[in-house]
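1. What shape does this take:
(6 chains)
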Protein chains: 6
Amino acid sequence: MLLHDCTWAEVAAYLSTGKGIIMPIGSTEQHGPNGLVGTDAICAEAVAHAVGDAVGAMVGPTIPVGMAVHHMEFPGSMTLRPSTLLALIHDYVLSLAEHGFERFFFVNGHGGNIATVRAAFYEIHAENRARHGKDAPELRFALANWWEGDAVGRLSREFYPGVEGSHATPSEVALTQHVRPHAIKAVAMSPAVAPAGGFHDARDFRRRYPDGRIGSNPALARPEHGKRLLEASAAAIAEQYRSFVTES
Amino acid sequence: MLLHDCTWAEVAAYLSTGKGIIMPIGSTEQHGPNGLVGTDAICAEAVAHAVGDAVGAMVGPTIPVGMAVHHMEFPGSMTLRPSTLLALIHDYVLSLAEHGFERFFFVNGHGGNIATVRAAFYEIHAENRARHGKDAPELRFALANWWEGDAVGRLSREFYPGVEGSHATPSEVALTQHVRPHAIKAVAMSPAVAPAGGFHDARDFRRRYPDGRIGSNPALARPEHGKRLLEASAAAIAEQYRSFVTES
Amino acid sequence: MLLHDCTWAEVAAYLSTGKGIIMPIGSTEQHGPNGLVGTDAICAEAVAHAVGDAVGAMVGPTIPVGMAVHHMEFPGSMTLRPSTLLALIHDYVLSLAEHGFERFFFVNGHGGNIATVRAAFYEIHAENRARHGKDAPELRFALANWWEGDAVGRLSREFYPGVEGSHATPSEVALTQHVRPHAIKAVAMSPAVAPAGGFHDARDFRRRYPDGRIGSNPALARPEHGKRLLEASAAAIAEQYRSFVTES
Amino acid sequence: MLLHDCTWAEVAAYLSTGKGIIMPIGSTEQHGPNGLVGTDAICAEAVAHAVGDAVGAMVGPTIPVGMAVHHMEFPGSMTLRPSTLLALIHDYVLSLAEHGFERFFFVNGHGGNIATVRAAFYEIHAENRARHGKDAPELRFALANWWEGDAVGRLSREFYPGVEGSHATPSEVALTQHVRPHAIKAVAMSPAVAPAGGFHDARDFRRRYPDGRIGSNPALARPEHGKRLLEASAAAIAEQYRSFVTES
Amino acid sequence: MLLHDCTWAEVAAYLSTGKGIIMPIGSTEQHGPNGLVGTDAICAEAVAHAVGDAVGAMVGPTIPVGMAVHHMEFPGSMTLRPSTLLALIHDYVLSLAEHGFERFFFVNGHGGNIATVRAAFYEIHAENRARHGKDAPELRFALANWWEGDAVGRLSREFYPGVEGSHATPSEVALTQHVRPHAIKAVAMSPAVAPAGGFHDARDFRRRYPDGRIGSNPALARPEHGKRLLEASAAAIAEQYRSFVTES
Amino acid sequence: MLLHDCTWAEVAAYLSTGKGIIMPIGSTEQHGPNGLVGTDAICAEAVAHAVGDAVGAMVGPTIPVGMAVHHMEFPGSMTLRPSTLLALIHDYVLSLAEHGFERFFFVNGHGGNIATVRAAFYEIHAENRARHGKDAPELRFALANWWEGDAVGRLSREFYPGVEGSHATPSEVALTQHVRPHAIKAVAMSPAVAPAGGFHDARDFRRRYPDGRIGSNPALARPEHGKRLLEASAAAIAEQYRSFVTES
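-> Numbering: from 1, shown residues only, chains lettered A, B, ... in the order given. Here you go, the predicted structure:
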């Protein structure tokens, strides 16, 4: 059930039966030679929608642009400053809390978002206390990264042994190939496997990883892999969501 | 050309030929008995993508949640505070400006966004001057509301004479029916035509317009109307975009 | 009745009879060769005071500096960033609301303020909800631009046919000549009528309109015109104010 | 020379001869039984204009609303939060600095503003360094309270021996009586001299000083006193201004 | 009693007997040739702890970095922007107020903090009103500068006649020598007594006072002086604290 | 080498040989029946100072109050909102960067800080780009939690097998006992081992863990354990620091 596809009366009806909502958050940033700028938003949205279908939960609008300061040396990358993303999540959640939503389950597509999203949860807790005192609704938050979990890891190791890497990975490229087949790109890459490692700021990132990949060989991505990765991720996260909304 | 569907190298190639980008901005808010909560985002995105196709321009990620404080008495409505939306647009634009984009054409789906979006343009101009002084890139902004323009008005008067209204209009409902036919809702409404008028805050809105419509009869909406409205809007806005990016 | 000229006990007495207040907002920015930097504040204040006299309403302090980023290439221009003006209006209104004022009628002297002022109304609505919940006072806002309205338009066309223009207009210069006759300037202008059009940022403005005027011939301004424009504007806006404070 | 009464070309001419500007800042707050809500703004403006006349300096627009949180239990009082006033002064000064103003002399009418104004000077210094680095213009600030200085003190002791008090003083009431004779109020007060002392927050203020005065007998105020106080203050501050703009 | 050295149950027990807390605030900035960068934090903390011992009051964590924009041309100086310090004090105080603390007594080590700390008190009063309305707890604030008071002045004149100066003073250096004897520095200074005067921004400060001292001869500082200064300051401030927490 | 114990000339000398600085960050929050409110700040500071000694690095002032919204139901707990902590770290780092520090190594004492500290690193990277463009200094950040690392884990398992828990742990209590032996508390606890698990907001935390501990038995803490934990942590982090400042 997509919030965007409901009427307000349907939302009201949903709220009479549950307080949970799934919130997809992605990023808009370079993803190497054959990865789409929208990769992280596309993946988070696809998984979140699949989870929503599986568990019958409401899914909110996807946050398409996240915290990607470190990708800003590559054209097309967009970023919110962490302070802006903090304010955005604050407003999203407190809007929905006015209607009675109480359990917010973020499905995340981008590692760079994690710190700010977690910080936002506490910014909201603080505001909720300040605003409502002892009468504050009890808001709860969870964050699930779609690429984590045992089943996804097993598939990745099966499809791309040793070359999953940590940015512009074949898994995320495959997932977008499945969801957006019209946008599959055939791009030669050299070397086949990008150098691995860490990075500091945006200039350091570009210097170390000139085509944007870290440790990966996304040329191996296939849409049929993406389908299976999506299913595995959604199944695992659906379990987490069920626990989250039912725990006392 | 969707930014989300491009690689960073494709964005770089695009920038070598032009500096313009189309930015869709919608809202997530109640749209009456049969209108979707996502109506404004769906409409803005559909028109923006059609314009992008028509003119060969890059289209950025849709801003799905806008300024809808006045709809907050209806479940499912979400809003950014104006100050948050100001910060968000600031970050979107200045991210893209780092890569060389200079002309930002917003396609808007929600009247409530207009003031804040226009204010944001000047917040950015101020920051651009502060940051870069005499070396500041010359950024330009335009804002087009998809529902304006002669051709759209003619169709609206033809399809819904006297009952277009000003919120939860049959035109916008029709456009979403065309784009998202799986989410067409059959809902009885009474009275057939909602009361017309203005409003003040969210409680005043709900008191005056208990089912969320203002002056409209969206039961008349049909997906085939939506198709023609979309084409008419996109054609008109494509003209505006061409002028915007070519004027000196 | 000027708030500045009242004692607090007089304000308390006023509040026992009404909840409305008139808030003048101007700008401090270049107004062409013979227009004063304070034109917009002077005009807004003069009209607001006349309206206050006509309807017996309280008039708050004039906001002298508004949003004028686009005039910053001309010496003497001052601007608040939109985010600062948002905060200022927020604080003005919520201060007055603590005392019981509920209907805020802004008389505006500057087109550049409109977007931010309107955005501020919703920033306040959001804060009012956050702060007070269901017990929030019902605040209402209106914005009237002194130069709009049929009567003012008729006079402008009579006095300055075809050369009113859109910045540093003869009407606003005339109004300041009436109010501040000691500051009438005799300045030669060439061409007599400035080029008309739009503009983007401050540098673009200065390049297109090197003496600061847009489409106008303010050399035609006369203080006696200003007197009549002031009267016409105040009469029209007084009507609007009466409706605003009496509507249910 | 009032900035508001100049054309931009006159401002440009002024800047070719000097870099100083006088900035009046007042407050809008209760001033006891016979004092005007606008007292502090009226006094600051009158003194600032007189100083400007005396020294031939440019005078900027008066800031009419300052930091008066502690007066908020009395109707008509308005306040900016300190953070908003910080932002406002930041924007005023940095606007003027873009044109070449470098020495900013604030004439203050309200003790409650002092801390925030001084804090603002350093907020601006910090931003000036951040924005311009080694090329930052050298901005300088001064703050003069109109009621300080030996000559003003002598007059106060002569006119109101022992009953000047510290809020709603006869001196400030007298000054407003001189400047705005149409707004002289005849109000009985009891006791003749208000209790003296300190205060904490707004409720504490009202509890201790129920009519708003602290330690004063403003019934003794006379417009002719106000004339002499104004002259004495302006003469003293004019000297300070001259030193400020000429010191190396 | 140091908050840091208590368990939460001990804090709860303390709150059942009193509502006062001492808050040390210092700065991290150059203090001339032989003064420590931490001088102001060390002094404020030492005095605050001694006061806390004397009066049996709780002492909160020392704020080590204050507002020192004007020292930023000297290596090692750190500063919060005034707006950041405002937010920090806001959060400190409102955290403690949640537990029932109501009287906040700041012991300050740095003149540059005074304005911002005082502004913060009113930012908090405003937020306290906004958040709690008529039910707001009655928060009270005091600020004591350790170097003020008759007894400290007498010692300073006895130890350093005419050469106390106004920055990097022998008194504050002596106090740090007493508290941190391992960090006593032997540094030759020339001239023996630094030039006296005022300053504007950071560059102006460094130009006028190239070694960081203003009007002082800190070579005269001795740890035994510091011991007596600390005792004198703590005794005087302990008196102030007792009055502050007992006044009605 | 403590920044607080250096003169500015000593800081300048240090900067001629290295660009690294260690930044301790703690928290002020309940730590169960026998843990100090200052536990996290005490631990972070002790480890940071020991690392500084081991590697000869400069150590900045400890941030004593962090992000502890979830502890606010226990008296004595203090918190910065995440947005305030973001601003504080921004100001700390950019102050030091003005002097030439480029590598910032945070030693952290509190899990609740991690998200906000990491977000702050990117807020700073964004501001550094905005402020300096291509000339931006290359700032690098690292964050080490003192309680992580193999050696510390081994000791914890040796001293407190199965009862380390995740808040108010015996390890952190022991470390504070070693550093502040005067503040060792003897408090009976029941049950001996606190319940383990997660938590949501502050009320949820208090409900689940009424005495503040999670999964731990801090009654086992001994100062001699603390000594060994401190040494183990400092040794491990010293290695990390050396790599951090030498990597290219």
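2. Now do the buried residues in stretch A:48-60.
-> Neighbour counts over stretch A:48-60 (16 or more other CB atoms under 10 Å in any protein chain shown) mark A:48-52, A:54-55, A:57-60 as buried. Yep, even glycine has a C-beta here, placed from its N, CA and C like the rest.
3. could I have it exported to PDB, CA atoms only?
-> Written as PDB, here are the backbone C-alpha positions of stretch A:48-60 (Å, rounded to 0.1, in the frame of the first residue of the first chain):
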ATOM      1  CA  ALA A  48      10.400  -1.000   0.400                       C
ATOM      2  CA  HIS A  49       7.600  -1.500  -2.000                       C
ATOM      3  CA  ALA A  50       8.100  -5.200  -2.000                       C
ATOM      4  CA  VAL A  51       8.200  -5.300   1.800                       C
ATOM      5  CA  GLY A  52       5.000  -3.200   1.900                       C
ATOM      6  CA  ASP A  53       3.300  -5.700  -0.400                       C
ATOM      7  CA  ALA A  54       4.600  -8.700   1.700                       C
ATOM      8  CA  VAL A  55       3.400  -7.400   5.000                       C
ATOM      9  CA  GLY A  56       0.500  -5.200   4.000                       C
ATOM     10  CA  ALA A  57       2.100  -2.000   5.400                       C
ATOM     11  CA  MET A  58       1.800   1.500   4.200                       C
ATOM     12  CA  VAL A  59       4.900   2.800   2.400                       C
ATOM     13  CA  GLY A  60       5.600   6.500   2.400                       C
END
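4. The helix ranked longest in chain A and chain B, are they touching?
-> Ordering each helix of chain A by length in residues (DSSP state H) puts helix A:223-246 first. No: Helix A:223-246 stays clear of chain B (CB under 8 Å from any CB of the partner chain), getting no nearer than 14.5 Å.
5. Tell me which residue in chain A sits closest to chain C.
-> A:Arg131 (5.6 Å; CB to the nearest CB).
6. Look at that residue and say how many residues are nearby.
-> A:Arg131 sits with 18 neighbouring residues when counted by other CB atoms under 10 Å in any protein chain shown.
7. before we move on, what about A:Thr246?
-> A:Thr246: 10 neighbours (other CB under 10 Å).
8. And A:Pro170, by the same measure?
-> Neighbour tally, A:Pro170, other CB under 10 Å: 28.
9. residues in contact with it?
-> Shown in contact with A:Pro170 (CB atoms under 8 Å, 6 or more residues apart in numbering or on different chains): A:156, A:159-160, A:163-164, A:216-221, A:225.
10. Apply 6 Å and report the result again.
-> A:Pro170 makes contact with A:160, A:218, A:220-221, according to CB atoms under 6 Å, 6 or more residues apart in numbering or on different chains.
11. Would you mind pulling the contact partners of stretch A:10-28?
-> A:37-38, A:40-41, A:44-45, A:48, A:51-52, A:57-60, A:62-66, A:68, A:78, A:100-110, A:113, A:245, B:61, B:75-76.
12. Can you report how many residues lie near the nearest residue to A:Tyr209 once chain neighbours are set aside?
-> Nearest in space to A:Tyr209, with sequence neighbours left out and distances taken as CB to CB, 6 or more residues apart in numbering or on different chains, is A:Ala194 at 6.2 Å. Per other CB under 10 Å, the neighbour tally for A:Ala194 reads 26.
13. In terms of pLDDT, where does A:Ala194 sit?
-> For A:Ala194, the pLDDT comes out at 98.
14. same thing with A:Ser248?
-> So, for A:Ser248, pLDDT stands at 87.
15. Can you give me the neighbour number for it?
-> 2.
16. Give me the secondary structure label for it.
-> At A:Ser248 the chain is in coil, as set by DSSP: H, G, I helix; E, B strand; the rest coil.
17. count of neighbours near A:Ser190?
-> A count of nearby residues for A:Ser190, using other CB under 10 Å, gives 7.
18. What are the phi and psi values at it?
-> A:Ser190 has phi and psi values of phi -150, psi 130 when expressed as degrees, to the nearest 10.
19. That one and C:Ala202: what is the separation?
-> For A:Ser190, the distance to C:Ala202 equals 47 Å [CB to CB, to the nearest Å].
20. any chance you could map the strands in chain A?
-> Per DSSP state E, chain A carries strands over the ranges A:20-25, A:58-59, A:103-108, A:140-145.
21. on that earlier part again, pull out the buried residues from the contacts of stretch A:10-28.
-> Burial by neighbour count, 16+ other CB under 10 Å: within the contacts of stretch A:10-28 this picks out A:37-38, A:40-41, A:44-45, A:48, A:51-52, A:57-60, A:62-66, A:68, A:78, A:101-110, A:113, A:245, B:61, B:75-76.
22. From the residues you listed, which land in helices?
-> Under the assignment DSSP H, those contribute A:40-41, A:44-45, A:48, A:51-52, A:245 to helices.
23. okay if I get those as TSV plus distance to F:Leu175?
-> Shown next, in TSV, are these (distance: CB to CB, whole Å):
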residue	distance to F:Leu175
A:Asp40	40
A:Ala41	43
A:Ala44	40
A:Glu45	45
A:Ala48	42
A:Val51	42
A:Gly52	46
A:Val245	39
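24. Can you lay out the residues you listed as TSV showing distance to B:Ser95 and pLDDT?
-> As requested, those are exported to TSV (distance: CB to CB, whole Å; pLDDT from 0 to 100):
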residue	distance to B:Ser95	pLDDT
A:Asp40	15	98
A:Ala41	14	98
A:Ala44	19	98
A:Glu45	20	98
A:Ala48	24	98
A:Val51	29	98
A:Gly52	29	98
A:Val245	35	98
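25. ok, and the most crowded of the contacts of A:Pro170?
-> Result: A:Pro218 is most packed of the contacts of A:Pro170 (other CB under 10 Å), 31 neighbours.
26. measure it to C:Gly111 for me?
-> 51 Å.
27. Could you measure from the residue of chain A closest to chain C over to F:Phe105?
-> 37 Å.
28. Also A:Ser243?
-> Counting by CB to CB, the gap from A:Ser243 to F:Phe105 is 38 Å.
29. Likewise for A:Glu123?
-> 26 Å.
30. Tell me how many other residues surround the closest residue to A:Arg81 other than its chain neighbours.
-> Leaving aside its sequence neighbours, A:Arg81 sits nearest to F:Ala126 (CB to CB, 6+ apart; 4.9 Å). Applying other CB under 10 Å, we find 26 residues neighbouring F:Ala126.
31. and A:Ala183, what is it in contact with?
-> By CB under 6 Å, 6+ apart, the neighbours of A:Ala183 are A:36, B:5.
32. tell me the pLDDT at it?
-> Predicted confidence (pLDDT) for A:Ala183: 98.
33. From A:His110, how far out is the residue nearest to A:Gly149 when sequence neighbours are not counted?
-> Among residues not flanking A:Gly149 along the chain, A:Ala236 sits closest, at 4.1 Å (CB to CB, 6+ apart). Taking CB to CB as the measure, A:Ala236 falls 18 Å from A:His110.
34. Could you do A:Glu231 as well?
-> For A:Glu231, the distance to A:His110 - CB to CB - is 21 Å.
35. cool, A:Ser216 as well?
-> A:Ser216 is 15 Å from A:His110, by CB to CB.
36. swap in A:Pro64?
-> 11 Å.
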